[in-house]
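>>> From the sequence below, what's the structure:
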Amino acid sequence: QVQLVESGGGLVQAGGSLRLSCAASGRTFSTYAMGWFRQAPGKEREFVATLSLGGGSAYYGDSVKGRFTISRDNAKKTVYLQMNSLKPEDTAVYYCAADRAYSGKNWYEYDYWGQGTQVTVSS
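Coordinates of the predicted model:
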């Protein structure tokens, strides 16, 4: 199993940047595909980005493509989400997720989740 703890959220003005971190416990972090999702009040959980096991393939949701970058450091057991050119519509709780077999965009396929970190972008 793996436990995930997100950090790095906060309040930022539109056009600004934030970097989210997701620290994992356990010895086998490198065997998990990692993803980021977000959920705004009253909306469904939305796919943001995912990174394959080896970190060689990254995929992004259309709304964040070109602005967000997902990366991982297996030695630190951490996955990151660099968010640039933030917009008010990026406001949401951001969650990281892990799965041993799935690295796609369907949130319900991921087995492990963090508690979430709030990102608020003011206009």
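
>>> where are the low-confidence patches of the protein?
55 (pLDDT under 70).

>>> how about the strands in it?
4-7, 10-13, 18-24, 33-39, 46-51, 58-60, 68-73, 78-83, 92-99, 112-113, 117-122 (DSSP state E).

>>> Quick one: those strands as a markdown table, columns for mean neighbour count and distance to K105 too.
All C-beta spots, glycine's among them, are computed from the backbone N, C-alpha and C. Below are the strands of the chain laid out as a markdown table (neighbours: other C-beta atoms under 10 Å; distance: least, C-beta to C-beta, whole Å):
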| stretch | mean neighbour count | distance to K105 |
| --- | --- | --- |
| strand 4-7 | 18 | 18 |
| strand 10-13 | 13 | 25 |
| strand 18-24 | 20 | 17 |
| strand 33-39 | 25 | 8 |
| strand 46-51 | 22 | 4 |
| strand 58-60 | 16 | 7 |
| strand 68-73 | 18 | 12 |
| strand 78-83 | 23 | 15 |
| strand 92-99 | 23 | 11 |
| strand 112-113 | 16 | 15 |
| strand 117-122 | 17 | 19 |
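
>>> just so I know, which of those lies nearest N106?
strand 46-51 (7.6 Å; C-beta to C-beta).

>>> Given that closest one, what are its sheet partners and their directions?
Strand 46-51 sits in its sheet next to strand 33-39 (antiparallel), strand 58-60 (antiparallel), going by DSSP bridges.

>>> ok, and what's touching the longest one?
Contact with strand 33-39 is made by 20, 22, 45-53, 68, 70, 72, 79, 81, 90, 92-103, 105, 107, 110, 116, 119, as judged by C-beta atoms under 8 Å, 6 or more residues apart in numbering.

>>> Next: the last one.
Applying C-beta under 8 Å, 6+ apart, the set of residues contacting strand 58-60 from outside is V48, A49, T50, L51, S52, F68, T69, I70, S71, S103, G104, K105.

>>> what's near enough to touch the first one?
V48 makes contact with G35, W36, F37, R38, Y60, G61, V64, F68, I70, L81, Y94 under the criterion C-beta under 8 Å, 6+ apart.
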